[in-house]
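A.B. asks: Fold the following and give me the result.
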Amino acid sequence: MSNMLKVENLHVSYGAITAVKGVSFNVKEGEIVSLIGANGAGKTTVMHAISGLLKPTEGSVDFMGNEISATPPHKITARGLVQVPEGRRIFAKMTVKENLSMGAYLHKSKDYQEIYALFPRLYERRRQLAGTLSGGEQQMLAMGRALMSRPKMLLLDEPSMGLAPILVKEIFRIIKECNNNGVTILLVEQNANMALAISDRAYVLETGLVALEGNAEDLISNDQVKKAYLGA
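C.D. replies: Purely as a prediction, here's the structure:
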């Protein structure tokens, strides 16, 4: 499998504070790769740098053979690299269906059926205002909206945040199903157990650096990871 995404020596600063200090990793086509780590480790900053929301101070981001670290976010989306942001960021005063249509703004034809098959609850709620949905339903809507743009790769930032355990399981089942349908996934997630359970590989970030990397199943049984992230 070839690299779909390659991040090399990524540095990102907020003013005088360097949040990411030379992160390198890759995601191969068809994989689910997780970035795990404590709050403040730099995971979301890395995601924003990949999707164009933050400009790196150093390093490169290569997507499908193209350097994109200076590319505007809407052009990165048009290339098939789409982020589902932390906190959902749905349009609260628009209906579910209107939110989905916003995800397909790059395409003339809008195919809702595939999304409704993946998220039957969104079909039931299609005429409802998005702001009245539960947290889990809003997460489904944020993912559905991103999938409407027919991405080659999804960046998922904390999809389980604030959700009840039963909904977390459902969200992760759907992430796996999206991957089985051909979407490559980079996942940032606090719930390291769930993330590693569905991932092929993972990188552990600590204070803006990659501290560990490996196959997900190896990291699950790694004593350092178990102690720090898996509640063991």
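A.B. asks: From here on, just use CA atoms for contacts and neighbour counts.
C.D. replies: Noted.
A.B. asks: which SS class is the residue nearest in space to the middle of the chain?
C.D. replies: Residue closest to the average C-alpha location in the chain (Cα atoms, centre = their mean): Leu156, at 1.4 Å. Secondary structure for Leu156, judged by DSSP: H, G, I helix; E, B strand; the rest coil, is strand.
A.B. asks: hang on, isn't it packed against Val188?
C.D. replies: Yes: between Leu156 and Val188 there is a contact at 6.1 Å, judged by Cα atoms under 8 Å.
A.B. asks: Point out where this protein drops to low pLDDT.
C.D. replies: 106-109, 231-232 (pLDDT under 70).
A.B. asks: how about the strands in it?
C.D. replies: With strands called from DSSP state E, the chain shows them at 3-14, 17-28, 32-36, 58-63, 66-67, 81-84, 153-157, 184-188, 201-206, 209-215.
A.B. asks: and the longest helix for the chain?
C.D. replies: Counting residues, the longest helix found in the chain (DSSP state H) is helix 165-180.
A.B. asks: outside of that helix, which residues touch it?
C.D. replies: 30-32, 118, 136, 140, 159-160, 185, 194, 198 (Cα atoms under 8 Å, 6 or more residues apart in numbering).
A.B. asks: quick one: which two of these are the most distant?
C.D. replies: Greatest spatial distance in these: Gly30 and Gly136, 25.6 Å, computed using Cα to Cα.
A.B. asks: want to try CSV for the strands of the chain, with distance to Arg127 as columns?
C.D. replies: Listed next are these as CSV, based on distance: least, Cα to Cα, whole Å:
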stretch, distance to Arg127
strand 3-14, 37
strand 17-28, 37
strand 32-36, 32
strand 58-63, 36
strand 66-67, 39
strand 81-84, 22
strand 153-157, 26
strand 184-188, 29
strand 201-206, 38
strand 209-215, 42
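A.B. asks: Out of these, flag the one nearest Lys93.
C.D. replies: strand 81-84 (18.8 Å).
A.B. asks: distance of Pro56 from Ala104?
C.D. replies: Separation of Pro56 from Ala104 (Cα to Cα, to the nearest Å) stands at 28 Å.
A.B. asks: who's more crowded, these two?
C.D. replies: Pro56 (22 against 19; other Cα atoms under 10 Å).
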